[in-house]
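In: got a structure for you, letters missing:
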């Protein structure tokens, strides 16, 4: 199992992040917005389907870390399912579910702007490899 990386954009933005929130009130790290800090990070439970298939992977999930440091709207944005042989599909789906379930339990010191907690978008890569 591995350490996730936080706040790494999947693509290079064409312009720097705005210091203002988007229409839903969510910020992006950068331009005066300091990223959240992980304070609790349980390891995903490695699914039996993946263990039997000797399958591992690194799904990427996106989430919002709210003003209280709690994960919201956790969902897969880079699926390991899309790049595996059909015989590993069930194992890959189980692996992604375990990843999402673990990330939903993370706790953060919230992101801040001008010293005040703010909600931010975040991407997390989780390498799950018990072998």
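Out: Alright, I've got the coordinates. Computed from a prediction, not measured in an experiment: that's the story for all the values here.
In: Run a quick check on residue 98 versus residue 48, I expect a contact.
Out: No - proximity of residue 98 to residue 48 does not meet the contact threshold set by Cβ atoms under 8 Å, at 10.3 Å. In this view, the C-beta of every residue, glycine as well, is placed from N, C-alpha and C.
In: Which of those two has more residues huddled nearby?
Out: Higher neighbour count among residue 98 and residue 48: residue 98, with 20 against 10, using other Cβ atoms under 10 Å.
In: can you pull the buried residues of the helix or strand hosting residue 49?
Out: Under the criterion of DSSP states H and E, residue 49 resides in helix 48-53. Across helix 48-53, burial judged by 16 or more other Cβ atoms under 10 Å covers 49, 50, 53.
In: Closest to residue 24 out of those?
Out: If you rank the buried residues of helix 48-53 by distance to residue 24 using Cβ to Cβ, residue 50 comes first, at 34.2 Å.
In: excluding its backbone neighbours, what's nearest the closest one?
Out: residue 91 (4.3 Å; Cβ to Cβ, 6 or more residues apart in numbering).
In: Which strands or helices does the longest strand along the chain pack on?
Out: Counting by DSSP state E, the longest strand found in the chain is strand 71-78. Using 3 or more Cβ pairs under 8 Å, 6 or more residues apart in numbering; DSSP states H and E, the elements in contact with strand 71-78 are strand 60-65, helix 89-103.
In: rerun that using 10 Å as the cut-off
Out: strand 60-65, helix 89-103, strand 120-125 (3 or more Cβ pairs under 10 Å, 6 or more residues apart in numbering; DSSP states H and E).
In: Save those as a markdown table, and put in mean pLDDT and distance to residue 74 too.
Out: Shown next, in a markdown table, are the helices and strands packed on strand 71-78 (pLDDT from 0 to 100; distance: least, Cβ to Cβ, whole Å):
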| stretch | mean pLDDT | distance to residue 74 |
| --- | --- | --- |
| strand 60-65 | 96 | 4 |
| helix 89-103 | 91 | 5 |
| strand 120-125 | 94 | 9 |
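In: So which of these is nearest residue 77?
Out: Using Cβ to Cβ, those put strand 60-65 closest to residue 77, at 4.5 Å.
In: so who does the closest residue to residue 55 other than its chain neighbours touch?
Out: What sits nearest to residue 55 in space, not counting adjacent residues and going by Cβ to Cβ, 6+ apart, is residue 91, at 4.1 Å. The contact partners of residue 91, by Cβ atoms under 10 Å, 6 or more residues apart in numbering, come to 47-57, 80-81, 84.
In: Having no further points to raise, I will conclude here.
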